[in-house]
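>>> Take a look and give me a structure for this.
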Amino acid sequence: MKRVMFVCKKNSARSQMAEGFAKTLGKGKIEVISSGLEASLVRPEAIATMKEIGIDITDQHSKPLSDFKAEDFDVVISLCGCGVNLPPEWVVREVFEDWQLDDPAEQPEIFPRVRDEIKQRVTQLIESVNKEFTPVR
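Purely as a prediction, here's the structure:
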């Protein structure tokens, strides 16, 4: 099973929502965790926005990237354009993408739009990772 790391600046909103979607939509298909260049707190708006669509992320907490080893992950996704600030070992994984999504912390009214963008991208990611590694019959 492929291991996925979602990373953002503070691991407070976008990466937390991505982790919530991936754990729900990718259950049994991928292993997932999120972290930040620095740890902070999960934003209440992120929790509420996910709860609106039936995904509970209240048990998730913010974690610093420094708590993890790059070699433990196959896929690394930056959600905020912070890929340029990641240590080099993180951007040379099997798959690295930098989604550069808007920061809803700066504009709380865009939380639903950003959440929906994350859902779409996480869904595509799960499909592509599984398609790539599904044996041909």
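>>> where exactly do the strands run in this structure?
Secondary structure of the chain (DSSP state E): strands at 2-8, 30-36, 75-78, 95-98.
>>> okay, the ones you listed in a markdown table with distance to residue 63 and mean pLDDT next?
The C-beta positions use only the backbone N, C-alpha and C, and glycine is treated the same way. What follows is the strands of the chain, written out as a markdown table (distance: least, CB to CB, whole Å; pLDDT from 0 to 100):
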| stretch | distance to residue 63 | mean pLDDT |
| --- | --- | --- |
| strand 2-8 | 10 | 97 |
| strand 30-36 | 5 | 97 |
| strand 75-78 | 14 | 97 |
| strand 95-98 | 19 | 94 |
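>>> possible to save the ones you listed as TSV with mean neighbour count and distance to residue 86?
Shown next, in TSV, are the strands of the chain (neighbours: other CB atoms under 10 Å; distance: least, CB to CB, whole Å):
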stretch	mean neighbour count	distance to residue 86
strand 2-8	24	7
strand 30-36	22	11
strand 75-78	24	7
strand 95-98	16	9
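>>> Let me know which of the ones you listed is the nearest to residue 127.
Nearest of the strands of the chain to residue 127, taken as CB to CB: strand 30-36 at 10.9 Å.
>>> Tell me what angle that closest one forms with strand 2-8.
Relative orientation of strand 30-36 versus strand 2-8 (axes from the mean of the first three to the mean of the last three CA atoms, to 10 degrees): 20 degrees.
>>> If you count contacts, what does strand 30-36 end up packed against?
Identification of packing neighbours for strand 30-36 by 3 or more CB pairs under 8 Å, 6 or more residues apart in numbering; DSSP states H and E yields strand 2-8, helix 14-25, helix 111-132.
>>> Columns distance to residue 104 on top of the strands of the chain, output as a markdown table?
As requested, these are exported to a markdown table (distance: least, CB to CB, whole Å):
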| stretch | distance to residue 104 |
| --- | --- |
| strand 2-8 | 11 |
| strand 30-36 | 15 |
| strand 75-78 | 16 |
| strand 95-98 | 18 |
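>>> Those: which one's closest to residue 16?
strand 30-36 (5.9 Å).
>>> Which pLDDT value belongs to residue 14?
Looking at residue 14, its pLDDT reads 97.
>>> how far away is it from residue 130?
23 Å (CB to CB, to the nearest Å).
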